[in-house]
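*Asks:* quick one: sequence plus predicted model below, questions after.
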Amino acid sequence: MKKDFAGTVSFITGASSGIGEAVARELVARGGKVALVARRLERLETLVRELGKDNAIALVGDVTKDGDLESAAEATVKKFGKLDITIANAGFGISGKLAKTSINDYRKQFETNFFGVLRTIYSTLPQLIEHKGRLVIIGSVAGHIGVPGTSAYSASKFAVRGLAESITAELQPKGVSVVLISPGFVTSEIRHLDNEGILHSDSKDYVPPWLAVPAHVAARELVNAIKKRKRERILTGHGKALWALDRYLPQLTPLLAKFLP
Ligand SMILES: NC(=O)c1ccc[n+]([C@@H]2O[C@H](COP(=O)([O-])OP(=O)(O)OC[C@H]3O[C@@H](n4cnc5c(N)ncnc54)[C@H](OP(=O)(O)O)[C@@H]3O)[C@@H](O)[C@H]2O)c1
C-alpha cells in the first residue's frame with residue numbers, strides 16, 4: 001500500500017470503535033502515526049497492540065470533560081513530536097420524537113456531538129496552525145436532512161456542519177484545511193447504543209446489512225478525502241442519493257421519511 005500518510009500524526013477522538021477505529025487502521029497502513037482517544041482505554045490499548053507501539057498511542061479522554069483533550073493533545077506531541085491532523089469523530093445518537101424527548105436530552109446530545117467537537121478543535125488548533133494541518137469534522141447526512149424521530153441528533157449534526165462551514169474561511173489563511181465528512185449508514189456500534197450511551201451489543205440494527213457500508217470501506221474514502229483536503233465529502237452511495245434528493249426534490253423527502261425507522 002502507498003505510504004501517503006508517512007510523516008503525519010493524527011489525533012482521533014472516538015477511536016475505540018466503528019469509523020474512528022477503522023480510520024486509525026487505514027492511516028497506519030498508509031504510513032501515519034495515530035493518537036487514539038476515547039473513554040474505553042482497554043479497547044484503545046488492544047488497538048495499539050495491533051497497530052504497534054511506535055505507530056499508535058492510547059489516551060483516555062472524554063470529549064464532554066474540559067481538560068481531557070488538552071492533556072491528550074499534550075501527550076500526543078510528547079510521544080510523536082507534533083500533531084497535524086485532527087479528526088473530531090466521537091459522537092452518539094439520541095433518538096425519539098420531540099414529544100418524547102426533553103431539553104436535557106438535547107443538552108446531552110450537544111455536549112458530545114457539538115461541544116465535544118469544539119473541545120477537540122480548541123485543544124489541537126495551535127498544533128494544526130503550526131504545521132499547516134488538517135481539521136476533519138465528522139458530521140452526517142443527518143446534518144443535511146432533518147430526520148423525523150432523531151431531531152436531537154440531526155440538530156447536533158446541522159450545528160457541526162455550520163461550524164465547519166464558518167471556520168473553513170477563517171482557518172484557510174492560517175494554512176489549516178477543514179474537511180467535513182458526512183457519512184450515511186456505516187456499520188458501527190452507534191445504532192446499538194441507547195439514549196444514555198449504553199451499549200447493547202446483541203440489539204438489532206434497524207439498518208439492513210446490505211445498506212450499511214462496512215467501516216473499513218468508509219474509512220478508505222474518508223482518508224482519501226483528508227489527503228485531498230476536500231471541503232466536504234458525503235460518504236456512501238445512499239447518503240449521496242438522499243442528499244441529492246433533498247436538495248433537488250425536497251418535496252419528496254417528507255414522503256421518504258415516513259419509511260425511515
Ligand atoms: N455509523 C454511522 O452510520 C454514522 C453515520 C453518520 C455519522 N456518523 C458519525 O460518525 C462518528 C463515529 O460514530 P460510529 O458510527 O463509528 O459509532 P461508534 O461505533 O458508536 O463509535 C463512537 C465512538 O465515539 C466515542 N465516544 C462517544 N462518546 C464519547 C465521549 N463522551 N468522549 C470520548 N469518546 C466518545 C466512543 O468511544 P468510548 O465509548 O470508548 O468513549 C466510540 O469510539 C459519530 O460522530 C457519528 O455521529 C456515523
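*Replies:* Yep, it's here. Residues are numbered from 1 along each chain as shown.

*Asks:* quick check: residues of the stretch 151-261 of the chain near the ligand?
*Replies:* Counting by CB under 6 Å from any ligand atom, the stretch 151-261 of the chain comes close to the ligand at Pro183, Phe185, Val186, Ser188, Glu189, Ile190, Leu193. Every residue, glycine included, has its C-beta placed from N, CA and C.

*Asks:* turn the residues you listed into TSV, including pLDDT and secondary structure.
*Replies:* Shown next, in TSV, are those (pLDDT from 0 to 100; DSSP: H, G, I helix; E, B strand; the rest coil):
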residue	pLDDT	secondary structure
Pro183	97	strand
Phe185	95	coil
Val186	97	strand
Ser188	96	coil
Glu189	95	coil
Ile190	95	helix
Leu193	95	strand
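
*Asks:* can you put the residues you listed in TSV and add neighbour count?
*Replies:* Below are those laid out as TSV (neighbours: other CB atoms under 10 Å):
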residue	neighbour count
Pro183	23
Phe185	21
Val186	23
Ser188	21
Glu189	16
Ile190	20
Leu193	19
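
*Asks:* among the residues you listed, which one lies nearest to Pro173?
*Replies:* For these, the residue nearest Pro173 by CB to CB is Pro183; the value is 28.9 Å.

*Asks:* does the closest one have beta-bridge partners, and which?
*Replies:* Bridge pairing for Pro183 (DSSP bridges) gives the partners Leu235.

*Asks:* tell me who's in contact with Asp246.
*Replies:* His144, Ile145, Thr253 (CB atoms under 8 Å, 6 or more residues apart in numbering).

*Asks:* my bad, should have said Leu41
*Replies:* Leu41 neighbours (CB under 8 Å, 6+ apart): Ala58, Val60.

*Asks:* near the ligand, which residues of the stretch 1-150 of the chain are found?
*Replies:* Residues of the stretch 1-150 of the chain lying close to the ligand (CB under 6 Å from any ligand atom) are 13-20, 38-40, 61-64, 89-92, 112, 116, 138, 140.

*Asks:* give me the neighbour count for the residue of the stretch 51-200 of the chain found nearest the ligand.
*Replies:* In the stretch 51-200 of the chain, no residue comes nearer to the ligand than Gly91, which is 2.4 Å away by CB to the nearest ligand atom. Residues contacting Gly91 under the criterion other CB atoms under 10 Å number 25.

*Asks:* kindly report the same for Phe158.
*Replies:* Neighbours of Phe158 (other CB under 10 Å): 19.

*Asks:* that one against Gly143, yeah?
*Replies:* Yes - with contact defined as CB atoms under 8 Å, Phe158 counts as touching Gly143 (5.1 Å).

*Asks:* how about the helices in the stretch 151-261 of the chain?
*Replies:* 151-171, 215-227, 237-248, 252-257 (DSSP state H, counting those that start in this stretch).

*Asks:* which among those helices is found nearest to Asp54?
*Replies:* helix 215-227 (19.8 Å).

*Asks:* using CSV, write out every CA atom in that closest one.
*Replies:* In CSV, the C-alpha atoms belonging to helix 215-227 read as follows (Å, rounded to 0.1, in the frame of the first residue of the first chain):
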residue,chain,number,x,y,z
ALA,A,215,-16.4,0.8,8.4
HIS,A,216,-13.2,-0.1,6.6
VAL,A,217,-14.6,0.9,3.2
ALA,A,218,-15.9,4.2,4.6
ALA,A,219,-12.5,4.8,6.3
ARG,A,220,-10.7,4.4,3.0
GLU,A,221,-12.9,7.0,1.3
LEU,A,222,-12.6,9.3,4.3
VAL,A,223,-8.8,9.1,4.4
ASN,A,224,-8.7,9.9,0.6
ALA,A,225,-10.8,13.0,1.3
ILE,A,226,-8.3,14.0,4.0
LYS,A,227,-5.5,13.5,1.6
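
*Asks:* turn the helices of the stretch 151-261 of the chain into TSV, including distance to Lys97.
*Replies:* Formatted as TSV, the helices of the stretch 151-261 of the chain follow (distance: least, CB to CB, whole Å):
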stretch	distance to Lys97
helix 151-171	8
helix 215-227	28
helix 237-248	20
helix 252-257	12
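
*Asks:* I'm done for today, thanks for sticking with me.
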